[in-house]
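> requesting a structural model of the entry that follows:
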Amino acid sequence: MLRLGGYINIIISFGHIIGLFWAEKMFEVTGIGHEMQLLSAIHPILPYALTVFVAVIFFIFGLYGLSATHQYKKLPFQKPVIFTISGIYLLRGLGELISHSWNGTNTYPETFYSLFAVIIGLLYLLGGLGSRLGKQETSIRTLVD
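Numbers count the residues shown, from 1 in each chain. Got it, this is the predicted structure:
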């Protein structure tokens, strides 16, 4: 599960970098076009710098997922970071779903992104619990592989 979560994060990271070639369209599709216009009013490079920063964060999340499955060298603070990544994704996904439901502002793309975040968060949570981060993964891993 952590391996899958790791690869998904790396793909998301590369998607952010590739999306910079069509930045305005990517910002509009993801629903952050207005916010990025405000940032570009401060300085034109800020939306691009922020996107690269976010891509680096996704890449690091991916490396931690792969590291926990011994696909990559062991990274520091592996156990707390895996569960922190899980918490970030679950908070983002569930928080957005609940907030938009209460406000009646659900949109299909936002619901999709939120559900996707919940799935990734569960991959990290269940993968972290199942592998005990250092021991052989149990039956949870066999369900995925």
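
> gap between the spatially closest residue to residue 63 that is not a sequence neighbour and residue 3?
Spatial nearest neighbour of residue 63, chain neighbours left out: residue 72 (5.8 Å); criterion: CB to CB, 6 or more residues apart in numbering. In this view, the C-beta of every residue, glycine as well, is placed from N, C-alpha and C. The gap separating residue 72 from residue 3 is 10 Å, by CB to CB, to the nearest Å.

> cool, and residue 57?
19 Å.

> just the CA coordinates of stretch 120-133, formatted as PDB?
Taking C-alpha atoms only, stretch 120-133 is exported to PDB below (Å, rounded to 0.1, in the frame of the first residue of the first chain):
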ATOM      1  CA  ILE A 120      -4.000   8.200  -0.700                       C
ATOM      2  CA  GLY A 121      -4.300   9.000   3.000                       C
ATOM      3  CA  LEU A 122      -5.700   5.500   3.700                       C
ATOM      4  CA  LEU A 123      -3.000   3.900   1.600                       C
ATOM      5  CA  TYR A 124      -0.400   5.600   3.900                       C
ATOM      6  CA  LEU A 125      -2.300   4.800   7.100                       C
ATOM      7  CA  LEU A 126      -3.100   1.200   6.300                       C
ATOM      8  CA  GLY A 127       0.300   0.600   4.800                       C
ATOM      9  CA  GLY A 128       2.000   2.100   7.800                       C
ATOM     10  CA  LEU A 129      -0.100   0.100  10.200                       C
ATOM     11  CA  GLY A 130       0.300  -3.100   8.100                       C
ATOM     12  CA  SER A 131       4.000  -2.900   7.600                       C
ATOM     13  CA  ARG A 132       4.800  -1.600  11.100                       C
ATOM     14  CA  LEU A 133       7.400   0.400   9.100                       C
END
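
> more neighbours: which of residue 72 and residue 3?
Applying other CB atoms under 10 Å to residue 72 and residue 3 shows that residue 3 carries more neighbours, namely 21 against 14.
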